[in-house]
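[1] I need the structure of the sequence given here:
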Amino acid sequence: MLLQASISMANTERWALERGEQPPPPVLTGLLRNSAYEVTVVDQFHRLARREFEKGGYRAAWERPFPTGSQGRPLSVDVSLFHSLNTTETRIELGTYTKKKLKEDATKLRDLRATTLLGFETVLNLIALWEVKSERLTGAEATKSMRKYKDAAADLSIGTLAVSLLLASAVDLFSVSPDDHRHVVVGLFEVT
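    From the prediction side, this is the model:
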């Protein structure tokens, strides 16, 4: 629910910031982004959900790094939640859905599974991906997306990689005109 709210807020803010500007050249019609950037949504989610996490006993860390000692930017996870009472680290990757993105994030989380912090040896790996669609939200559309996510998780679950869909949810997004329809579908996956 908080991710859906973050996506809605980021997309509404993007619309509000661009409203009133000169229209783009006609040759760019249909070619420019019409939804919020992934990093904006992740930042909004971190800020919005942080209070909720803290009420649950979690300390949230955005862009949790995994230093290797090598030069360059280390691997990182979008959000890690540290629960001191049950010594669990919940790692969450977020982004726009593609089957390729699901596979990349699942593989990364699986490969980082053994990299734990002292006191947080239990790791839960989650992936939350979304799709913004420019069409009316119907029960059939939501069911179709859920089936697609379930099938993708099953296809990727081979050998040491196990991906399962925990839930799929859809909600309407802000549209300026009553004739415009947009919605977002979110899939929450677990990697074991």
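
[2] centroid-nearest residue for the protein?
    Nearest to the mean C-alpha position of the chain, by CA atoms, centre = their mean, lies Leu94 at 2.7 Å.

[3] I figured it hits Asp43, correct?
    No - counting by CB atoms under 8 Å, Asp43 is not a contact partner of Leu94; they are 10.2 Å apart. Any C-beta I mention is one placed from the backbone N, CA and C, and that applies to glycine too.

[4] the residue nearest to the centre of the chain should be in a strand, yeah?
    Yes - remark: Leu94 belongs to a strand, assigned using DSSP: H, G, I helix; E, B strand; the rest coil.

[5] report pLDDT for it.
    In the prediction, the pLDDT value recorded for Leu94 is 96.

[6] partners of it in the sheet?
    For Leu94, the residues forming beta bridges with it (DSSP bridges) are Ala128.

[7] how about the contacts made by it?
    Leu3, Glu38, Val41, Val42, Phe45, Asp78, Val79, Ile127, Ala128, Leu129 (CB atoms under 8 Å, 6 or more residues apart in numbering).

[8] any idea how far Glu89 is from the second one?
    Distance of Glu38 to Glu89, computed by CB to CB, to the nearest Å: 23 Å.

[9] which one (most neighbours) among the contacts of Leu94?
    Ile127 (27 neighbours; other CB atoms under 10 Å).

[10] and Arg47, how many residues sit next to it?
    Under the neighbour criterion other CB under 10 Å, Arg47 is assigned a count of 13.

[11] shouldn't it be within a strand?
    No - under three-state DSSP, Arg47 falls outside any strand and is assigned helix.

[12] and it, what does it touch?
    When contacts are counted by CB under 8 Å, 6+ apart, Arg47 touches no other residue.
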